[in-house]
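Engineer: structure, please.
(chains A and B)
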Amino acid sequence: MPSKDHCWKAEHNMSEIPKAYEPQAVESKWYQFWLAQECFTADPKSAKPAFSMVIPPPNVTGILHLGHVLNNTIQDILCRKARMEGQEVLWLPGTDHAGIATQVVVEKRLKKEEKISRHDLGRERFVERVWQWKNKHGGIIIDQLKKMGCSCDWTRERFTMDADYSRRIAKVFVDLYGKGLIYRGKRMVNWCPVSQTALSDEEVIMKPQNGRLYHFKVEVDGEPGVFLTIATTRPETIPGDTAVAVNPKDPRYAQYIGKKVVRPLPAELPREQKLIPIIGDEAVEFSFGTGVLKVTPAHDKVDFEIGKRHHLGFIEVIGPSGLMNDLAGQELKGLDRFAARKKANEKLQELGAWVKEENYQNNVGFSERADVPIEPRLSEQWFLKYPSQAAAREVVSRGELRFFPDRWAKVYEHWLANIQDWCISRQLWWGHRIPVWYKGAEIKCQVESPGPEWTQDTDVLDTWFSSWLWPFATMDEATLAKFYPTTALVTAPEILFFWVARMIMAGFEYTGQKPFRDVYLTGIVRDKQGRKMSKSLGNSPDPLDLIAKFGADALRFGVMRSAPLGQDLLFDEQHVELGRNFCNKLWNACRYRQMQGGEAEGEINPALLSDEDKWILLKLDAAIQQINDAFSEYRFSEVVQVLYRFFWNEYCDWYVESTKAVLNGHDAASKANTLAVIDFVLSNTLRLFHPFLPFITEELWHGMGYSADLPATQGGKTIMTARWPKPLGQDFKEHYLLDESNERLVDAKHEFIVQGRNLRREANLQSGKKVKYVFKAVNETSAQDLEVLRLLLNADPLELDPNYQPPKGTPGVHSSLGDLFLPLAGLIDTVAEKARLTKALDKIQSEIEHINQRLNNPAFTAKAPPQVLDDHRNRLAEWQAKQKQTQAALEALAG
RNA sequence: GCGCGCUUAGCUCAGCGGCAGAGCAUUACCUUCACACGGUAGGGGUCGCAGGUUCAAACCCUGCAGCGCGCACCA
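Structural biologist: Down below sits the predicted model:
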């Protein structure tokens, strides 16, 4: 171990155990230990069953944000639990090269630091500089994942630009080309004028915009004085119009089909060059705008299709960077497309063609990366017809590949049903260059260059074209044999189409199998007002700051506690604080145990078990069952909730408090037995918490000595391989004589104690002050039981008097164990107490009426199942007993 | 426009036919020898609205409203 263990002394010297848990030293110590012991390294030769996941590779330019924290904590939890269940676990990490993002980062840096552009360097030297940058800064997010405690197999870390991975991508391209699924064509694509590259449909975000709808008129050729009015949002594209279209069924305009109109722009052109045909096309809506559509085949997807149908000209008037070109005319040329819009509108006014303009809300596609409106643009690109579509659909529809939550299956299905070919080429320098070679008119598609006289295609592939191979291209043969298909995938729903769906298709196409069995889609992390985390809002806390302040375990716990399946996570630093508090509670519960000394994990003697001992063992059993059920359906927040309730409310609040009756006493055998129960419960608790809180549980596992007698591979070396708790089972329960009666009895005690404490509060007695109570017990009460009650009531003394006759005005409560009195007449605010009891009586009476109403309904008694009828009758009896007691208490007060 | 979710305590959410729940926040009291990063006890709800099915509805069905998301898109 690299640093000295100053946090916990094995010799149980309480003064040396800090009162509060201090995570920093503990976390770095154990992470180093796990790495040194190769605890995360997967062994393909292992005989254990395999459990595997691949990490959604974060961008190599990325830094850790809360989305990563959520996503990777979930993955780590699954891996750590799987290891404890005895599976051989592979969690394969890595990063992707993030074509556009990385290229932009390096370009900006060059510009800032050296005042040069990538063109100044040329392609080869620029790519070298990106590699330099990657080698220097690309590991940041990996280090951050380690800080979180992620148990990835770092010996298998992959990068999408690794040589062998890149080669695999090229081979896949060649294969798909050979199958005729990849083709090149001049199409209308989504062009990003900032990045100056084509984008796939998935990278375009539609956003509602407050724009203007401009109306202008054009004169019909040969019919002086006859004008058609056209509505458009983009007057700057008028110079690129090559037709005007109307619906052939539109009686207003059908007569003009075949005639021509005069396009107003560019104004300087001679009239003959501006004559464009009026065509009839069904795509034109009667009711939209004026019913007359200007057709700009080179700058609009729909117009492009119309242009092809009618063999129109394609006039490109906007260049790759979004600037108007020469064909746009002398007035617009050189202007940015938005400046040109304004200018074009002014020009229409000048020409007298302008009719009106109005506010108009429409949806405009934005480049996801650069956040500017994309420009539909005609260009030569590579496209892919998706392979293995049918297999990808069937595997989900047959339930062999499941989504959690399952509603994503419908979204997936819908996307696949309406799938469009994928534009896979990008006009970038950073990425996998397309393996296509040219010599004159000859083309070859192959991995290696056919020879020096051949030149390679200049485009690179979409980054997602590399990550869709991630689940198998990252693995060597032995690893594939053992760990593929992977067990689960955990990712954000935003990349369901980008990544998940494509991986499924690639999986079938290249391995003949699905790439994973379960897909868990996380929620989106938002701030507490429900807004998405964003840099510009500044509402995105740095997880590393949170780790420094509260500890990694606290961050993990806080995030997981508030992340229900299928819901977004509204992040608040308070959640992390709660996690910190929880760790501290766990720490102190263990500290309490350590302060008692004695043998660690002694044997439990069934004969010496108290009702409380049996109760906590039964609660542990129930918690384990609930936890395992919740885990099987990835309901993590429920797991956390159960653990929280079990440990804090059941174990700490009730059980630990009750043990003080024994541990402060003098019965050595009972003491030892209680300590054995405590150790049993704590050892199970630490193991149940380990996937969520890896660091503190490891520290306590060793500090408490629970690792001492175990084999190295089953918890002796690290809690990571300790056995995952199983429900206690029938044999265990029989051996230790555990049954429901223990549970009922202790529950009754708790109810009795709460009522007794409430009496104190009603009397305005300080909760810390010891007061005398009198207990009129129904049954025989053992000295130990009495001591538990005394302690938990903070009574001194607790008089046991079966024949007690309380003086008039003595407040008291009734329970199944007997009556409890607080003989302090005069200290009670009788008016307030009376009011409280009257209010309670009202409630009791309304409950009784409510139940009676039902029981008196013949239809109810005839049709309700007997069980329900019994429940109602029992409940009625309970309320009636309460009513009697409350009435008696009221009378006692009045007296 | 089509589709999918959500609407329960001040907040975040469980519950999905048979006594309306948790955590946080809040109120009062308490530095008691595991923990004030703590303890004890409270208060707080017409389960979005309107119909229907049922002995019984937060829960099932229908309609409506509001919020969110996805897909498509009309210039």
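
Engineer: interface residues of the stretch 451-600 of chain A facing RNA strand B?
Structural biologist: Contact residues, the stretch 451-600 of chain A versus RNA strand B (C-beta under 7 Å from any atom of the strand): A:494, A:497, A:528, A:530, A:562, A:564-568, A:570, A:574, A:578, A:580-581, A:583-585, A:588-589, A:591-592, A:595. (C-beta placed from N, C-alpha, C; glycine too.)

Engineer: which helix in chain A runs the most residues?
Structural biologist: With secondary structure taken from DSSP state H, chain A has its longest helix at helix A:866-894.

Engineer: buried stuff in that helix?
Structural biologist: Judged by neighbour count using 16 or more other C-beta atoms under 10 Å, the buried positions of helix A:866-894 are A:His872, A:Leu876, A:Trp879, A:Lys882, A:Gln883, A:Gln885, A:Thr886, A:Ala889, A:Leu890, A:Ala892, A:Leu893.

Engineer: next: stretch A:260-272.
Structural biologist: For stretch A:260-272, burial by neighbour count (16+ other C-beta under 10 Å) applies to A:Lys260, A:Val261, A:Arg263, A:Pro264, A:Leu265, A:Pro266, A:Ala267.

Engineer: just stretch A:172-191 next, same as before
Structural biologist: Quick answer for stretch A:172-191 (16+ other C-beta under 10 Å): A:172-174, A:176-177, A:181-182, A:184, A:187-191.

Engineer: and those, which of them are in strands?
Structural biologist: A:Ile182, A:Arg184, A:Arg187, A:Met188, A:Val189, A:Asn190, A:Trp191 (DSSP state E).

Engineer: JSON lines for those, including distance to RNA strand B?
Structural biologist: Compiled in JSON lines, these are given as follows (distance: C-beta to the nearest atom of the strand, whole Å):
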{"residue": "A:Ile182", "distance to RNA strand B": "21"}
{"residue": "A:Arg184", "distance to RNA strand B": "22"}
{"residue": "A:Arg187", "distance to RNA strand B": "14"}
{"residue": "A:Met188", "distance to RNA strand B": "11"}
{"residue": "A:Val189", "distance to RNA strand B": "13"}
{"residue": "A:Asn190", "distance to RNA strand B": "11"}
{"residue": "A:Trp191", "distance to RNA strand B": "16"}
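
Engineer: quick check: phi and psi on the most centrally placed residue in chain A?
Structural biologist: Most central in chain A under C-alpha atoms, centre = their mean is A:Thr522, positioned 2.7 Å from the mean C-alpha point. Torsion angles at A:Thr522 (phi, psi; degrees, to the nearest 10) stand at phi -80, psi 170.

Engineer: ok, it touching A:Asn71?
Structural biologist: Yes - between A:Thr522 and A:Asn71 there is a contact under C-beta atoms under 8 Å: 5.5 Å.

Engineer: overlap of the contact sets of those two?
Structural biologist: Residues within reach of A:Thr522 and of A:Asn71 at once, by C-beta atoms under 8 Å, 6 or more residues apart in numbering, are A:Val490, A:Thr491, A:Ala492.

Engineer: by neighbours, which of these wins?
Structural biologist: A:Val490 (25 neighbours; other C-beta atoms under 10 Å).

Engineer: quick one: average pLDDT of the host helix or strand of that residue?
Structural biologist: For A:Val490, the element it lies in under DSSP states H and E is strand A:486-491. Across strand A:486-491, pLDDT averages out at 94.

Engineer: quick one: that strand to chain centroid distance?
Structural biologist: In this view, strand A:486-491 has its centroid 13 Å away from the chain centroid, taken as C-alpha atoms, centre = their mean, to the nearest Å.

Engineer: what does it contact?
Structural biologist: With C-beta under 8 Å, 6+ apart as the criterion, strand A:486-491 contacts A:50-54, A:56, A:71, A:74-75, A:78, A:82, A:471, A:499-500, A:503, A:515-522.

Engineer: so the next helix or strand after that strand versus strand A:486-491, what angle?
Structural biologist: Heading C-terminal from strand A:486-491, the first helix or strand you meet, by DSSP H and E, is helix A:502-511. Orientation check (axes from the mean of the first three to the mean of the last three C-alpha atoms, to 10 degrees): helix A:502-511 against strand A:486-491 gives 150 degrees.

Engineer: need the residues that contact helix A:502-511.
Structural biologist: The contact list for helix A:502-511 (C-beta under 8 Å, 6+ apart) reads A:172, A:386-389, A:391-392, A:395-396, A:401, A:422, A:464, A:467-472, A:480, A:484-485, A:489, A:513-516.

Engineer: the residue in the stretch 401-550 of chain A that RNA strand B sits nearest to: how many residues sit nearby?
Structural biologist: Relative to RNA strand B, the nearest point of the stretch 401-550 of chain A is A:Arg407 (4.2 Å; C-beta to the nearest atom of the strand). Neighbourhood size, A:Arg407 [other C-beta under 10 Å]: 11.

Engineer: just A:Ala630 next, same as before
Structural biologist: As a burial measure, A:Ala630 scores 19 neighbours (other C-beta under 10 Å).

Engineer: tell me who's in contact with A:Lys347.
Structural biologist: By C-beta under 8 Å, 6+ apart, the contact list for A:Lys347 reads A:Pro264, A:Leu265, A:Ala267, A:Glu331.

Engineer: so the last one sits in a strand?
Structural biologist: No - A:Glu331 sits outside any strand when classified using DSSP: H, G, I helix; E, B strand; the rest coil, being coil.

Engineer: my read: it touches A:Pro239, true?
Structural biologist: No - taking C-beta under 8 Å as the definition, A:Glu331 is not a contact partner of A:Pro239, at 9.4 Å.

Engineer: with respect to A:Lys726, which of the buried residues of stretch A:172-191 is nearest?
Structural biologist: Within the buried residues of stretch A:172-191, the smallest distance to A:Lys726 is 44.1 Å, found for A:Val172 (C-beta to C-beta).

Engineer: now that closest one: how far from A:Lys410?
Structural biologist: As judged by C-beta to C-beta, to the nearest Å, A:Val172 and A:Lys410 stand 29 Å apart.

Engineer: pairing partners for the longest strand anywhere in chain A, with directions?
Structural biologist: For chain A, the strand with the greatest residue count under DSSP E is strand A:204-219. Strands that pair with strand A:204-219, judged by DSSP bridges, come out as strand A:227-232 (antiparallel), strand A:354-367 (antiparallel).

Engineer: distance from it to the middle of the chain?
Structural biologist: Worked out by C-alpha atoms, centre = their mean, strand A:204-219 lies 38 Å from the chain centre.

Engineer: in it, what's buried?
Structural biologist: For strand A:204-219, burial by neighbour count (16+ other C-beta under 10 Å) applies to A:Val204, A:Leu213, A:Tyr214, A:His215, A:Phe216, A:Lys217, A:Val218, A:Glu219.

Engineer: what angle do strand A:182-192 and that strand make with each other?
Structural biologist: Between strand A:204-219 and strand A:182-192, the angle comes out at 80 degrees (the same axes, to 10 degrees).

Engineer: mean confidence for strand A:204-219?
Structural biologist: Strand A:204-219 comes out at a mean pLDDT of 86.

Engineer: one more: stretch A:514-529?
Structural biologist: In this model, stretch A:514-529 has an average pLDDT of 86.

Engineer: how about the helices in the stretch 701-850 of chain A?
Structural biologist: Ranges of helices in the stretch 701-850 of chain A, per DSSP state H, counting those that start in this stretch, are A:729-735, A:740-762, A:783-793, A:830-855.

Engineer: burial measure for A:Tyr386, as a count.
Structural biologist: The number of residues packed near A:Tyr386 is 19, by other C-beta under 10 Å.

Engineer: ok, now which ones touch it?
Structural biologist: A:Tyr386 makes contacts with A:Leu181, A:Ile419, A:Asp421, A:Trp422, A:Arg502, A:Met505, as judged by C-beta under 8 Å, 6+ apart.
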